[in-house]
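Visitor: Return atomic coordinates for the entry below.
(chains A and B)
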2 protein chains.
Amino acid sequence: MDHIDPAGRTANLADPYTGQVVLMNRFVVPEGRDDAFMALWTETSEYFRAQPGFVSLKLHRAVSADAEYRYVNVATWESAEHYGAPHRTEEFRRLVTQEGWHEFPSSPTLYELVLEHSLESAQ
Amino acid sequence: MDHIDPAGRTANLADPYTGQVVLMNRFVVPEGRDDAFMALWTETSEYFRAQPGFVSLKLHRAVSADAEYRYVNVATWESAEHYGAPHRTEEFRRLVTQEGWHEFPSSPTLYELVLEHSLESAQ
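Guide: Numbering: from 1, shown residues only, chains lettered A, B, ... in the order given. Now for the predicted structure:
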């Protein structure tokens, strides 16, 4: 069976950045496989939510079934270091190398927030 | 020159969905072209922020320069209908068919929020 490389499940971080960071991780989830995905995702998310520097986590599902990536999680961390540390543990390696993940390729990218508008602030 | 199809700048909406929706729109932005992208994006975002049902808008920039999509905007709308209506106007057509957008291909997908955790709710 294929080897899952934990590095492929971690967004690259080229430059030091000291503010909050936002991980967006897209997942390919075939129709009808939502429950299997949710079981794996929930176990992994519980690990991250317990880590220092965790701020928030949202999981989104595509409204249209033809989306290439049907699920996207958006996780905010206090800093790039807080984001990175739990991606370098044995527990992370164990979680993301589970055989079930082969079915759900992911594409993680780390972002910083450039600007934010809300209905309240816009008026 | 290539024709920009407004439909290609709008996420598909296959099924009726009555809750809040979240548009995630990823943009390819070459390094060094951030200012040109921001000028176009700001003009378009001002149009959307003035529409009924607009809730919030966040723009993110990738921390690492090797990201395929260096910018992602995340826009929340009261409903799929509120999201859709301003994508069917002549003003939208004018905004997104501007020649400058050729340089910044986008990939919009519409999502619903499945679940949300924050530091406060987790404790």
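
Visitor: Give me the neighbour count for residue A:26.
Guide: By the criterion of other Cβ atoms under 10 Å in any protein chain shown, residue A:26 has 22 neighbours. The C-beta positions use only the backbone N, C-alpha and C, and glycine is treated the same way.

Visitor: repeat for residue A:51
Guide: Using other Cβ under 10 Å, residue A:51 has 15 neighbouring residues.

Visitor: Helices of chain A, start to end?
Guide: Assigned by DSSP state H, chain A shows helices spanning A:34-49, A:80-84, A:90-96.

Visitor: Mind listing the residues bridging to the residue nearest the centre of chain A?
Guide: Residue closest to the mean C-alpha point of chain A, counted by Cα atoms, centre = their mean, is residue A:25 at 3.9 Å. Counting by DSSP bridges, residue A:25 is bridged to residue A:73, residue A:108.

Visitor: Go ahead and confirm it touches residue A:107.
Guide: Yes - with contact defined as Cβ atoms under 8 Å, residue A:25 reaches residue A:107; the gap is 7.1 Å.

Visitor: so which of the helices of chain A comes closest to residue A:111?
Guide: Of all the helices of chain A, helix A:80-84 sits nearest to residue A:111, with 10.7 Å by Cβ to Cβ.

Visitor: got a list of what residue A:19 touches?
Guide: The contact partners of residue A:19, by Cβ atoms under 8 Å, 6 or more residues apart in numbering or on different chains, come to A:79, A:112, A:113.

Visitor: Check residue A:98 too.
Guide: Residue A:98 makes contact with residue A:40, according to Cβ under 8 Å, 6+ apart.

Visitor: Surely residue A:60 and residue B:22 touch.
Guide: Yes - shown here, residue A:60 and residue B:22 form a contact pair, counting by Cβ under 8 Å, at 5.7 Å.

Visitor: any shared contact partners between those two?
Guide: Common neighbours of residue A:60 and residue B:22 (criterion: Cβ under 8 Å, 6+ apart): B:111, B:112, B:113.

Visitor: Can you list the low-confidence ranges for chain A?
Guide: Within chain A, the segments meeting pLDDT under 70 span A:1-18, A:120-123.

Visitor: tell me, how many neighbours does residue A:63 end up with?
Guide: Using other Cβ under 10 Å: residue A:63 sits among 24 other residues.

Visitor: Excluding chain neighbours, give the residue nearest to it in space.
Guide: Nearest non-adjacent residue to residue A:63, counting by Cβ to Cβ, 6 or more residues apart in numbering or on different chains: residue B:110, 4.6 Å away.

Visitor: any idea how far residue A:119 is from the one you found?
Guide: Using Cβ to Cβ, to the nearest Å, residue B:110 is found at 19 Å from residue A:119.

Visitor: Tell me which of the two has more neighbours.
Guide: Higher neighbour count among residue B:110 and residue A:119: residue B:110, with 25 against 14, using other Cβ under 10 Å.

Visitor: Does that one touch residue B:21 like I think?
Guide: Yes - contact criterion Cβ under 8 Å: residue B:110 and residue B:21 qualify, at 5.4 Å.

Visitor: Now the common contact residues for the two.
Guide: Common neighbours of residue B:110 and residue B:21, using Cβ under 8 Å, 6+ apart, are A:63, B:80, B:83.

Visitor: Can you add distance to residue A:34 and give those back as JSON lines?
Guide: What follows is the shared contacts of residue B:110 and residue B:21, written out as JSON lines (distance: Cβ to Cβ, whole Å):
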{"residue": "A:63", "distance to residue A:34": "14"}
{"residue": "B:80", "distance to residue A:34": "20"}
{"residue": "B:83", "distance to residue A:34": "23"}
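
Visitor: Would you mind checking which of the residues you listed is nearest to residue A:49?
Guide: Each of these was scored against residue A:49 by Cβ to Cβ, and residue A:63 proved nearest at 25.5 Å.

Visitor: And the closest one, its phi and psi?
Guide: Note on residue A:63: backbone dihedrals following degrees, to the nearest 10 are phi -70, psi -40.
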